[in-house]
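Chemist: give the three-dimensional model of this entry:
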Amino acid sequence: MNQQYNQIYDDFAWKIPGDFNIANFICDRYAGEGGTAIVYEDEKNNIHRYTFKDLKQLSNRLANLYVHLGVKKGDRIGILLSQQPETLIAHLAGFKTGAINIPLFTLFGPDALQYRLDDSETRIILVEPESLDKILEIKPNLEHLKHIICTGKRTFANDDIISLEDVGKYSDSFKPVATTSEDPALIIYTSGTTGPPKGALHSHRVLLGHLPGVEMSHNFFPKAGDFFWTPADWAWIGGLIDVLFPSLYHKIPVLAFRFKKFDPDEAIQLMARHRVRNTFLPPTALKMIRAASDQIAYEGLNLRTVASGGEPLGEEILEWGRSRLGLEINEFYGQTEANLLVSNCSDIMPVKPSSMGRAVPGHRVAIIDDGGNVVLPGQEGEIAVRSPDPVMFLGYWRNENATRSKFIKEWMTTGDRGVLDQDGYFFFKGRNDDVITCAGYRIGPSEVEDCLLRHRAVSLSAVIGKADALRGEIVKAFIVLKEGQEASENLKKDIMNFVKNRLAAHEYPREIEFVSEIPLTFTGKVKRNELRLLEKKRLEKEKG
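Modeler: Numbers count the residues shown, from 1 in each chain. Just a heads-up that it's a prediction; the model follows:
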């Protein structure tokens with residue numbers, strides 16, 4: 001099987017055109033051919049279908065409104081919308097005017113929104129009624145924000161708010177602004193788990209850079225009958241450019257559905273109801289579905305591929321995927337600045353438990369040391385991708401120092417620790433600041449968390465290093481128990497012994513705290529820095 005992968009990797013060559021606009025390649029070029037692009041199930045379970053022609057005309061009308069409002073090439077447009085057709089229409093219109101779109105998560109609070117809108121000097125924002133008050137609250141502090149377009153009906157008391165319904169009076173014809181593949185298209189802000197968020201500026205070519213990773217992680221996507229859905233919000237790179245844009249590029253329809261709060265059973269029933277063939281399920285979603293498996297009916301599922309990325313899954317989740325979903329879950333790896341660099345592809349390579357897979361064709365990925373030198377297989381170092389690369393960001397928005405610090409020689413660093421084995425598989429060991437040093441041993445939290453997840457009582461877990469006078473640090477685990485399990489000292493000891501007997505004596509959690517929830521970023525990654533800060537404050541209080 002690996003021989004087939006090797007041949008594909010060796011034969012791959014990028015074909016990046018000089019002139020390229022995402023809107024044309026995911027929508028307009030198909031408008032004359034018919035075919036459904038978006039299937040939208042609203043909150044009342046009504047089904048709405050949008051063809052490529054519909055999307056072209058609607059986005060042309062919005063682009064004409066943008067121009068009427070003074071939008072010029074390079075202006076920033078904020079998109080504070082959930083998973084719905086209007087989100088895609090807003091992106092298409094922005095690309096057509098040559099603007100730079102800024103996807104924003106609807107669960108952001110006023111402070112988070114103000115920082116991003118101020119930093120990017122956003123000129124126009126599209127917002128749904130539920131988020132309108134947050135924008136009105138901060139608008140006096142945003143000197144560059146001139147216009148608010150709301151998806152609601154014309155019932156606004158504020159005359160400064162434009163209803164999206166007003167686009168109907170604008171022409172459905174529009175001549176897109178000429179753009180090159182290197183022209184800026186998107187600013188996607190990092191999660192900001194450490195320090196203020198940074199805006200990763202991507203050009204139009206970023207879509208082309210994503211395609212090999214999408215095709216690999218979904219076993220030679222697309223195939224006849226494919227139909228994509230993800231619970232990942234389209235405000236994030238995982239929902240927007242791992243799913244929405246690549247699917248439409250290949251003329252594969254996408255299901256849109258807004259979860260106010262992720263529900264494992266509802267997610268399975270949604271996929272069964274619509275006969276979804278392909279899905280990107282973040283690790284947290286998979287773990288929640290697995291934890292609720294006894295209450296879920298899987299009949300009617302029609303999945304061909306499931307891919308996941310963001311946090312390592314481990315053997316327990318992979319085995320559950322085989323037994324309950326009937327397929328291999330393909331893990332992949334990347335980050336906002338350069339995504340979908342490494343992936344599994346179960347059709348052509350064995351899936352190794354806890355591995356992110358092998359380098360995606362077109363990307364040169366390696367493990368390097370602090371000097372930018374490639375280390376030998378089996379040696380731990382930092383995961384890095386060699387530049388130039390079509391999927392790589394142009395840089396951080398107006399932050400040259402941060403951009404420079406991201407590179408060592410020709411390598412873009414990720415801040416993630418990893419190991420490459422003799423077969424070319426990458427294994428994630430943790431963030432640079434997540435690695436635990438206990439009595440001289442370096443411990444990656446992911447392996448411990450994976451082991452904890454195999455325990456009969458554990459639903460979710462997060463592991464950090466806690467300061468210790470004797471060992472430097474000890475492993476501390478925060479654990480959410482499965483429903484029906486009761487916290488006790490005996491259970492703590494049982495969990496400790498479970499890990500000690502399966503990993504190593506230095507890796508088991510010497511301290512366990514049962515919690516009701518694990519702090520996560522909006523993209524579902526564990527906020528270990530928040531847990532470390534909590535422990536630091538507790539220690540300071542004890543010293544008092």
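
Chemist: SS state for the residue nearest the centre of the chain?
Modeler: Geometric centre of the chain, nearest residue: Gly238, 3.1 Å, by Cα atoms, centre = their mean. Three-state assignment for Gly238 (DSSP: H, G, I helix; E, B strand; the rest coil): helix.

Chemist: ok, it - contacts?
Modeler: Neighbour list for Gly238: 230, 232, 280, 282, 309-310, 339, 523 [criterion: Cβ atoms under 8 Å, 6 or more residues apart in numbering]. In this view, the C-beta of every residue, glycine as well, is placed from N, C-alpha and C.

Chemist: show me where the stretch 251-400 of the chain has strands.
Modeler: 254-257, 278-280, 305-309, 329-335, 338-343, 355-359, 365-368, 381-386, 395-396 (DSSP state E, counting those that start in this stretch).

Chemist: of all those strands, which one comes closest to Asp416?
Modeler: strand 381-386 (4.7 Å; Cβ to Cβ).

Chemist: buried ones in that closest one?
Modeler: 381-386 (16 or more other Cβ atoms under 10 Å).

Chemist: buried stuff in stretch 474-483?
Modeler: For stretch 474-483, by 16+ other Cβ under 10 Å, it's 474-481.

Chemist: would a markdown table of those residues with distance to Gly34 and pLDDT be doable?
Modeler: Converted to a markdown table, the buried residues of stretch 474-483 look like this (distance: Cβ to Cβ, whole Å; pLDDT from 0 to 100):
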| residue | distance to Gly34 | pLDDT |
| --- | --- | --- |
| Ile474 | 62 | 90 |
| Val475 | 57 | 93 |
| Lys476 | 57 | 95 |
| Ala477 | 54 | 96 |
| Phe478 | 52 | 96 |
| Ile479 | 52 | 96 |
| Val480 | 48 | 95 |
| Leu481 | 52 | 95 |
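
Chemist: what packs against the helix or strand encompassing Lys96?
Modeler: Secondary structure from DSSP states H and E places Lys96 in helix 85-97. The contact analysis (3 or more Cβ pairs under 8 Å, 6 or more residues apart in numbering; DSSP states H and E) places helix 85-97 against helix 22-26, strand 36-41, helix 52-68, strand 76-80, strand 100-103.

Chemist: comparing the ones you listed, which comes out most buried?
Modeler: Each of the helices and strands packed on helix 85-97 was assessed for mean neighbour count using mean count of other Cβ atoms under 10 Å. The highest is strand 76-80, with a mean of 26.

Chemist: run a quick neighbour tally on Lys537.
Modeler: Other residues lying near Lys537 total 10 when counted by other Cβ atoms under 10 Å.

Chemist: next: Gly424.
Modeler: Neighbours around Gly424, by other Cβ under 10 Å: 18.

Chemist: give me the distance between the two termini of stretch 30-39.
Modeler: 16 Å (Cα to Cα, to the nearest Å).

Chemist: likewise stretch 16-23?
Modeler: Terminal residues of stretch 16-23 are spaced 16 Å apart (Cα to Cα).

Chemist: and that stretch, what's its mean pLDDT?
Modeler: The average of the pLDDT scores along stretch 16-23 is 98.

Chemist: list just the nearest of the buried residues of stretch 474-483 to Phe221.
Modeler: Val480 (33.5 Å).

Chemist: wait, that closest one sits on His455?
Modeler: No - taking contacts as Cβ atoms under 8 Å, Val480 lies outside contact range of His455: 11.9 Å.

Chemist: between the contacts of Gly238, which is closest to Lys139?
Modeler: The shortest approach to Lys139 among these belongs to Thr523, at 26.7 Å (Cβ to Cβ).

Chemist: local confidence estimate at that closest one?
Modeler: 68.

Chemist: now swap in Thr155 and tell me
Modeler: 61.

Chemist: over to Ala439?
Modeler: 65.

Chemist: please apply the same query to Lys169.
Modeler: Reported pLDDT for Lys169: 94.

Chemist: which ones are touching it?
Modeler: With Cβ under 8 Å, 6+ apart, Lys169 has no contacts at all.

Chemist: lowest-confidence helix or strand of this structure?
Modeler: strand 441-443 (a mean of 68; mean pLDDT, DSSP states H and E).

Chemist: following that one, which helix or strand shows up next?
Modeler: Following strand 441-443 toward the C-terminus (DSSP H and E): helix 445-453.

Chemist: list the neighbouring strands of the helix or strand just after that next one plus their orientation.
Modeler: Following helix 445-453 in sequence order, the next helix or strand is strand 458-468 (DSSP H and E). Counting by DSSP bridges, the strands paired with strand 458-468 are strand 472-481 (antiparallel).

Chemist: I'd like the next helix or strand past the partner strand.
Modeler: Assignment by DSSP H and E places the next element after strand 472-481 at helix 489-502.

Chemist: what is the rounded mean pLDDT of that next one?
Modeler: 92.

Chemist: packing partners for that helix?
Modeler: Against helix 489-502 (3+ Cβ pairs under 8 Å, 6+ apart) you get helix 445-453, strand 472-481, strand 511-514.

Chemist: other residues contacting that helix?
Modeler: 448, 451-452, 454-455, 457-458, 477, 479, 481, 485, 507-510, 512.

Chemist: re earlier: from the buried residues of stretch 474-483, pick the one nearest Asp294.
Modeler: Leu481 (14.9 Å).

Chemist: who touches the closest residue in space to the closest one that isn't next to it in sequence in this structure?
Modeler: Leaving aside its chain neighbours, Leu481 sits nearest to Ala457 (5.5 Å; criterion: Cβ to Cβ, 6 or more residues apart in numbering). Residues in contact with Ala457 (Cβ under 8 Å, 6+ apart) are 481-482, 485, 491, 494-495.
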